[in-house]
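**Q** this one's sequence-less:
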């Protein structure tokens, strides 16, 4: 009756722990999902828009550096419009991504790499550059080929005096290519936008955004998509006007799948901002760790169920298994007892393989009777316990170590390989026996005598090997003990 009550109590405890663990797991799971979607998605998007902004600035800085180096060389000429400087313009046009190159004097007179001349004194980029600034223009339409370009301008110095401006133009399409691919499998869209929302450059892998082109107003574009929360768009306009960094969720009325995150950050040139938009659905699907959380939760659930079943089964069978195990072992030394030693060795020897060599040895403690007589049986038992523990630690799990009576032990070393390896193992073990220190022996050193036989050469059963190894052991004792003898030496 008590046993049944004990099992019932264990079952209730295990079930309670299981239910509590499942509840905690569910709470942790949903908390992690919510936090992942709302926090990590924002952090990843802001990090990406920051990288794109830095990438864009780096590319433009490289162009500025190159233009400054050429401008420095041009400033060394006696005349700004010298033939040498004109040739440099042509060379720049041919060797760089810049589509048009122009050299401009203090009066705004510009000479282009294709030989065209015109006055650009009214242009903002000229006025800023002639006053010593690196500048980039707003998009301008060429009066020659009607292409939309932005102009990069740097001052040309001669002995610390600005004598002109070196300008190079980039097609708006080329500017779009400076925006690199997004992190969400091509679903994101990147754009360079003015503080008023006018798009200067745009790059997108999302089919729904391919209607956006140069000149599209971002605010009007999303307003036409029936934004659910108009105050969000109004807030975004204020953020752009103030040149702030941030991220908003745009909830579009057309369908839930069209809702998107929009991250934005000032580019550092003019009043431009870099924007990065991703559909919310795509952003959430991209989080691999959400799937991992689901797998962890389901895996934990199944593991806990399995553990519950195992717990009940193991609890019921633990005592039975302990009894079976204890019946196999020698109570004093912890190695196999005589009956099971012979049974296990015979079982292993039945596996026939002529290429495998097994080592079999009998070990006797030298002068063990004197230890019992001199120090008492309690000390003798401790010696046997120590000896048994040493045997267990020195041999492999697949070897069979057993006590067959008194101070006599046997070991089957399974697939030992060669006789030399067997002898080396025996020598090593006997050295460890000599090194044993048992305080109750008062300095008396332990030694052992060993007899060795090999299977299948010397026998294919426990008794055959035992008789031959016992013969070898007898020779060791006749030779003065504390050593070993291999059976074949008696042939």
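**A** Cool, the structure landed. Keep in mind that this is a model prediction, so the values were computed, not measured. Residues are numbered from 1 along each chain as shown.
**Q** drop to CA atoms for contacts and neighbour counts, all remaining ones
**A** OK.
**Q** for the stretch 351-491 of the chain, which spans come out with low pLDDT?
**A** 489-491 (pLDDT under 70).
**Q** Equivalent analysis for the stretch 201-350 of the chain, please.
**A** Applying pLDDT under 70 to the stretch 201-350 of the chain picks out residues 205-211, 226, 254-257, 286-294, 297, 305, 308-309, 312-326.
**Q** show me where it has helices.
**A** Taking DSSP state H, counting those that start in this stretch as the criterion, the stretch 201-350 of the chain carries its helices at 218-224, 230-242, 280-285, 288-328, 338-349.
**Q** Next up, phi/psi of residue 375, please.
**A** Main-chain dihedrals, residue 375, degrees, to the nearest 10: phi -110, psi -10.
**Q** which residues sit in contact with it?
**A** 440-441 (C-alpha atoms under 8 Å, 6 or more residues apart in numbering).
**Q** The one 4 residues further on too?
**A** Shown here is residue 379, whose contacts under the criterion C-alpha under 8 Å, 6+ apart are 371-372, 440-441.
**Q** how about a cut-off of 10 Å?
**A** Each residue near residue 379 by C-alpha atoms under 10 Å, 6 or more residues apart in numbering is listed here: 371-373, 385, 438-441.
**Q** can you check residue 122 too?
**A** Going by C-alpha under 10 Å, 6+ apart, the list of residues near residue 122 reads residue 108.
**Q** What is the neighbour count of residue 270?
**A** Neighbourhood size, residue 270 [other C-alpha atoms under 10 Å]: 13.
**Q** What sits closest to it if chain neighbours are left out?
**A** Leaving aside its sequence neighbours, residue 270 sits nearest to residue 136 (C-alpha to C-alpha, 6 or more residues apart in numbering; 7.4 Å).
**Q** ok, that neighbour - contacts?
**A** Residue 136 sits next to 60, 64, 124-126, 128-129, 150-154, 167-169, 269-270 when contact means C-alpha under 10 Å, 6+ apart.
**Q** Of those, which belong to helices?
**A** Applying DSSP state H to the contacts of residue 136, the entries found in helices are 60, 64, 124-126, 128-129.
**Q** Pretty sure residue 431 sits against residue 447.
**A** Yes: under the criterion of C-alpha atoms under 10 Å, residue 431 makes contact with residue 447 at 8.6 Å.
**Q** Closest one of the ones in helices among the contacts of residue 136 to residue 259?
**A** Proximity of the ones in helices among the contacts of residue 136 to residue 259 (C-alpha to C-alpha) peaks at residue 60, which lies at 32.6 Å.
**Q** you'd agree that closest one is up against residue 153?
**A** No: assessed by C-alpha under 10 Å, residue 60 is found out of contact with residue 153, at 11.2 Å.
**Q** And residue 431 and residue 447? Which one has more around it.
**A** residue 447 (20 against 13).
**Q** mind checking how far that one is from residue 159?
**A** 99 Å (C-alpha to C-alpha, to the nearest Å).
**Q** re the thing from before, return a ChimeraX selection command for the buried portion of the ones in helices among the contacts of residue 136.
**A** The buried residues among these can be selected in ChimeraX (16 or more other C-alpha atoms under 10 Å) with this line:
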select :60,64,125,126,128,129
